[in-house]
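Asks: structure for this input, please:
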Amino acid sequence: MEEGYGSHLIKKPELVAEMVSSAKRRITDPDFTISTKIRLLDDLRETVDLCRQIEAAGADFITVHGRTPKQRSEPVDLEAIKIIKESLNIPVIANGDIYTIDDAERVGEITKVDGVMSARGMLENPAMFFGYAKTPRECVKRYIEIAQLKEPRFMTFHHHLVFMLEKSLPKPKRKVFNNLRNKEAVLEFLSEHYFAQDELPRSEGPCS
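Replies: You can find the predicted model right below:
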């Protein structure tokens, strides 16, 4: 917001529309989609107008997070998303407070959107859309295997595991895990407190 990009741009609909149309002109691949993700303006009519300008500029779909830029934990405004959906001809994707498959189905039913997007919910449980209530052990194991091949920075490696294990570790162990500072400590902790013996894959490659 301070730098003038991200959700700050919803106050500049003409600029956003020009960005969309410029990208559309430059990309000739018909299978390449151009989309935007927005938050709500305080005035819903202005939000609808913004979305219509984005649609007219050539966007293939719009994702709407049902809060204003200043809102954080307030309930998502599903009625606003529904009105936006009814006002456009291109697909609309709903976003906000989708943590389970039931949440996804409920939001879809209320708003009649074309799809839903989950952010934090998918970080906490990448298997959410398969119906799992929390990240399955096999998913954590697979993530570690991928990380050992791709060798992301430790901060990234650890950050995703913190999210994925939030519902699987009791609070005292979670507090310890969240404060670990290197890959070796993370793997040792998981071997002792999460995985069965010899279940965790090992690698000599760094993750820092």
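Asks: remind me which residues of this protein are low pLDDT?
Replies: 201-208 (pLDDT under 70).
Asks: now the helices: where do they sit in it?
Replies: 13-26, 44-56, 78-87, 101-111, 120-124, 137-150, 154-164, 171-178, 183-193 (DSSP state H).
Asks: make JSON lines from these and add distance to Lys37 to it.
Replies: Quick note: C-beta positions are derived from backbone N, CA and C, even for glycine. Output for the helices of the chain, formatted as JSON lines (distance: least, CB to CB, whole Å):
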{"stretch": "helix 13-26", "distance to Lys37": "11"}
{"stretch": "helix 44-56", "distance to Lys37": "11"}
{"stretch": "helix 78-87", "distance to Lys37": "12"}
{"stretch": "helix 101-111", "distance to Lys37": "15"}
{"stretch": "helix 120-124", "distance to Lys37": "15"}
{"stretch": "helix 137-150", "distance to Lys37": "25"}
{"stretch": "helix 154-164", "distance to Lys37": "20"}
{"stretch": "helix 171-178", "distance to Lys37": "28"}
{"stretch": "helix 183-193", "distance to Lys37": "32"}
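Asks: and those helices as a markdown table, adding mean neighbour count?
Replies: Compiled in a markdown table, these are given as follows (neighbours: other CB atoms under 10 Å):
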| stretch | mean neighbour count |
| --- | --- |
| helix 13-26 | 15 |
| helix 44-56 | 18 |
| helix 78-87 | 18 |
| helix 101-111 | 16 |
| helix 120-124 | 17 |
| helix 137-150 | 15 |
| helix 154-164 | 17 |
| helix 171-178 | 13 |
| helix 183-193 | 16 |
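Asks: for Gln71, which of the ones you listed is the nearest?
Replies: helix 78-87 (11.6 Å; CB to CB).
Asks: report the angle between the closest one and helix 101-111.
Replies: Helix 78-87 runs at 60 degrees relative to helix 101-111, counting by axes from the mean of the first three to the mean of the last three CA atoms, to 10 degrees.
Asks: circling back to that earlier point, out of the helices of the chain, nearest to Gly6?
Replies: The nearest among those, by CB to CB, is helix 13-26 at 11.5 Å.
Asks: list the contacts of the closest one.
Replies: Residues outside helix 13-26 that contact it (CB atoms under 8 Å, 6 or more residues apart in numbering) are Leu9, Ile10, Ile34, Thr36, Asp49, Leu50, Gln53, Ile54, Ala56, Ala57, Gly58, Ala59.
Asks: kind regards, and thank you for your time.
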